[in-house]
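Enquirer: Any chance you could fold what I've pasted below:
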Amino acid sequence: MAFPFVYLAIKIAEAFSEGNAFTSEMLWSWFTHDVLWKIGAGVLVGVLVGKAMAKVVFSKHTRETTISQGYVVIALTLVAYGVAEYVHSYGFIAVFVAAFAFRRSECEHSYHQKLHDFAEQSEGLLMSLVLVIFGMFLGQGLQAGVELTWRVYIVSFTFLLLIRPIGGFIALSGLHLPRTEKYAISALGIRGIGTLYYLSYALNTDFFAEDDALKLWIVCSIVILTSIFIHGLSATRLLKMTPKEHH
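Expert: Model prediction:
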């Protein structure tokens with residue numbers, strides 16, 4: 001759901017780079033195309049791909065050969081993402097919805113647990129690789145002598161300690177959870193590794209000045225690094241504050 005706002009930032013930067021104002025017509029174009037169409041098409045693609053993949057996997061002819069394979073989860077991800085990108089919608093949303101649609105098919109089947117375990121193992125391996133690359137990226141930045149101003153720290157910690165927790169708490173307002181559990185989830189949030197993808201995508205449009213791009217990279221890196229460190233130390237204590245029946 002972050003992608004529409006990434007596109008909005010890109011369109012605003014594009015307008016300013018050309019010396020134009022961001023008009024209401026541009027805002028309407030963004031809303032109809034980048035919000036309504038791309039989200040709607042992504043959801044539709046996800047449902048169709050998830051249902052179609054489930055029909056193939058759980059059919060009588062392929063049940064014995066595919067049920068033993070955990071790689072179906074990778075096929076589901078790639079097919080959903082590829083089809084969504086082909087019709088110019090959001091691949092992330094399509095993959096998310098496809099997983100739900102697939103899970104709803106033969107929902108009592110033990111194969112779903114096997115896929116879940118395989119997906120968690122794959123995610124752990126890939127996350128480890130991403131964090132190693134992220135560490136190499138930070139090391140190169142420190143060797144290059146990147147200057148960190150007080151404004152960078154203020155923006156970084158404002159996102160980490162205020163904007164993200166408040167946004168998380170608002171997002172959980174409709175759920176019937178104890179207030180302490182909402183506080184814990186909002187405080188922990190997420191590491192924000194996905195931010196690197198969104199930022200790379202936006203900066204690849206060449207509408208951002210080089211100095212601004214560097215500052216954005218630094219802010220995102222500080223937020224992610226601090227999240228990994230602080231949340232790693234505080235997660236156990238915060239979870240102890242929540243009711244045990246909700247752990």
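Enquirer: Give me the residues contacting stretch 103-116.
Expert: When contacts are taken as C-beta atoms under 8 Å, 6 or more residues apart in numbering, the neighbours of stretch 103-116 outside the stretch itself are 50, 51, 54, 55, 57, 58, 67, 70, 72, 73. In this view, the C-beta of every residue, glycine as well, is placed from N, C-alpha and C.
Enquirer: Stretch 185-194 too?
Expert: Stretch 185-194 has contacts (C-beta under 8 Å, 6+ apart) with 2, 127, 130-131, 134, 164-169, 172, 177, 220, 223-224, 227-228, 231, 234-235, 238.
Enquirer: top of the contacts of stretch 103-116 by neighbour count?
Expert: Among the contacts of stretch 103-116, residue 50 has the most neighbours (other C-beta atoms under 10 Å), with 25 neighbours.
Enquirer: Nearest residue to that residue in space, please, no chain neighbours.
Expert: residue 101 (2.7 Å; C-beta to C-beta, 6 or more residues apart in numbering).
Enquirer: mind exporting whatever helix or strand that neighbour lives in as CSV, just the C-alpha atoms?
Expert: Taking DSSP states H and E as the definition, residue 101 sits inside helix 91-104. Listed in CSV are the C-alpha atoms of helix 91-104, where the atom choice follows Å, rounded to 0.1, in the frame of the first residue of the first chain:
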residue,chain,number,x,y,z
GLY,A,91,3.1,-6.7,-8.0
PHE,A,92,3.4,-6.6,-4.2
ILE,A,93,-0.4,-6.4,-3.8
ALA,A,94,-0.9,-9.2,-6.3
VAL,A,95,1.5,-11.5,-4.5
PHE,A,96,-0.1,-10.7,-1.1
VAL,A,97,-3.7,-11.4,-2.3
ALA,A,98,-2.6,-14.5,-4.3
ALA,A,99,-1.2,-16.0,-1.1
PHE,A,100,-4.6,-15.4,0.6
ALA,A,101,-6.5,-16.8,-2.3
PHE,A,102,-4.3,-19.9,-2.5
ARG,A,103,-4.6,-20.4,1.3
ARG,A,104,-8.4,-20.4,1.1
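Enquirer: tell me which residues of that helix are tucked away?
Expert: Of the residues in helix 91-104, those buried under the neighbour-count criterion (16 or more other C-beta atoms under 10 Å) are 91, 92, 93, 94, 95, 96, 97, 98, 99, 101, 102.
Enquirer: Tell me which residue is most central in the protein.
Expert: Centroid-nearest residue in the chain: residue 194, 4.8 Å away (criterion: C-alpha atoms, centre = their mean).
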